[in-house]
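> build me a model:
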Amino acid sequence: MSKAVILIIEDDPAIQELLSHAMSREGWKLLQVKTGEEGIKILKSRTVNCILLDIMLPGMDGFKVLKKIKEISQCKNIPVIMTTAKGEESDIVTGLELGADDYVIKPYSPKVLIARVRAGLRRQEEGVSDNPANVWQQGELKLDAARHTAFYGGSQLDLFATEFALLKHFLSNPDIVFSRNQIIAAIRGPDYPVTDRSVDVQILGLRKKLGKAGDMIETIRGVGYRLKAPEET
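From the prediction side, this is the model:
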């Protein structure tokens, strides 16, 4: 997606300049602001394809900004990559629970960040594929990748991008047990750095949103997770 629009919410001028220089070679259009309030204003008036969001911002912090971003209907499926020096597990978990698609800890390599952005853009493109075969259903649980919608019992589910990718992976591979590493490799790519705790948080969030259907995602102790076919529920 060479013509992608990337919104960078970062108050450090040096980092803004670094990202601008590194990403300009990708052919992306960059929108750079220093506060969350400015970023939200932009998101309400135009479309972007990916958001880089710092946590330690003047005024509203990045977590509050992320929450407000996910309240904007057209932004629910836009990948948000948190870029921050706050690398504690509790901070990462908070970001993931609020709907962050990825989490990159400073200091980071611009090349690594660009790779993460590419991955986020690729997942977004795959989510809006026009392939009509990309529809999966197990019982009352149904996912349509072309329309980026998921339903349970006729009610549409409100899923973040990563939750949608997880559900798509499970629905397209029912009854197969996956380790946490296999799950991450399937939705993020191989050799993607992530903790087991991060995977568990994402699965927990997905289960909550599935309601009664959450029980279909079964924990296999010492191994990982699987989606149980309806006849086993």
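> going by C-alpha atoms from here, please, whenever you check contacts or count neighbours.
Fine.
> who's in contact with whichever strand or helix holds residue 167?
Following DSSP states H and E, one finds residue 167 within helix 161-171. Counting by CA atoms under 8 Å, 6 or more residues apart in numbering, helix 161-171 makes contact with 76-79, 99, 101, 136-138, 143, 145, 150, 183, 186-187, 202-203, 205-206, 226-227, all of which sit outside it.
> now do the buried residues in that helix.
For helix 161-171, the neighbour count (16 or more other CA atoms under 10 Å) marks 161-171 as buried.
> the longest helix seen in the chain to helix 161-171, inter-axis angle?
Counting residues, the longest helix found in the chain (DSSP state H) is helix 110-127. Inter-element angle recorded for helix 110-127 and helix 161-171: 60 degrees (by axes from the mean of the first three to the mean of the last three CA atoms, to 10 degrees).
> tell me which other helices or strands helix 110-127 touches.
In terms of contact count using 3 or more CA pairs under 8 Å, 6 or more residues apart in numbering; DSSP states H and E, helix 110-127 is assigned the packing partners helix 13-23, strand 50-53.
> tell me which strands and helices the next helix or strand after the helix holding residue 167 is in contact with?
Sequence-wise, the next helix or strand beyond helix 161-171 is strand 178-179, with elements assigned using DSSP H and E. The helices and strands touching strand 178-179, judged by 3+ CA pairs under 8 Å, 6+ apart, are strand 224-227.
> burial of residue 62, as a residue count?
A count of neighbours around residue 62, defined by other CA atoms under 10 Å, yields 23.
> what sits closest to it if chain neighbours are left out?
Nearest residue to residue 62 in three dimensions, chain neighbours excluded: residue 55, at 3.7 Å (CA to CA, 6 or more residues apart in numbering).
> mind listing what that neighbour touches?
Shown here is residue 55, whose contacts under the criterion CA under 8 Å, 6+ apart are 61-63, 82-84, 86.
> give me that answer again for 7 Å
When contacts are counted by CA atoms under 7 Å, 6 or more residues apart in numbering, residue 55 is found next to 61-63, 84.
> got it, and residue 84?
Contact partners of residue 84, counting by CA under 7 Å, 6+ apart, are 54-55, 104-106.
> at 8 Å what do you get?
Applying CA under 8 Å, 6+ apart, the residues near residue 84 are 54-56, 103-106.
> measure it to residue 196 for me?
Remark: distance between residue 84 and residue 196 (CA to CA, to the nearest Å) = 20 Å.
> before we move on, back to that, mind listing which of the contacts of residue 84 are in helices?
Using DSSP H, none of these sit in helices.
> who wins on neighbours among the residues you listed?
residue 54 (29 neighbours).
> touching, that residue and residue 9? I think so.
Yes - here residue 54 lies in contact with residue 9, judged by CA atoms under 8 Å, at a distance of 6.1 Å.
> what residues are up against the one residue sitting closest to the centre of the chain?
If you average the C-alpha coordinates of the chain and look for the closest C-alpha using CA atoms, centre = their mean, you land on residue 101, 2.4 Å from that point. Shown here is residue 101, whose contacts under the criterion CA under 8 Å, 6+ apart are 79-81, 120, 161-162.
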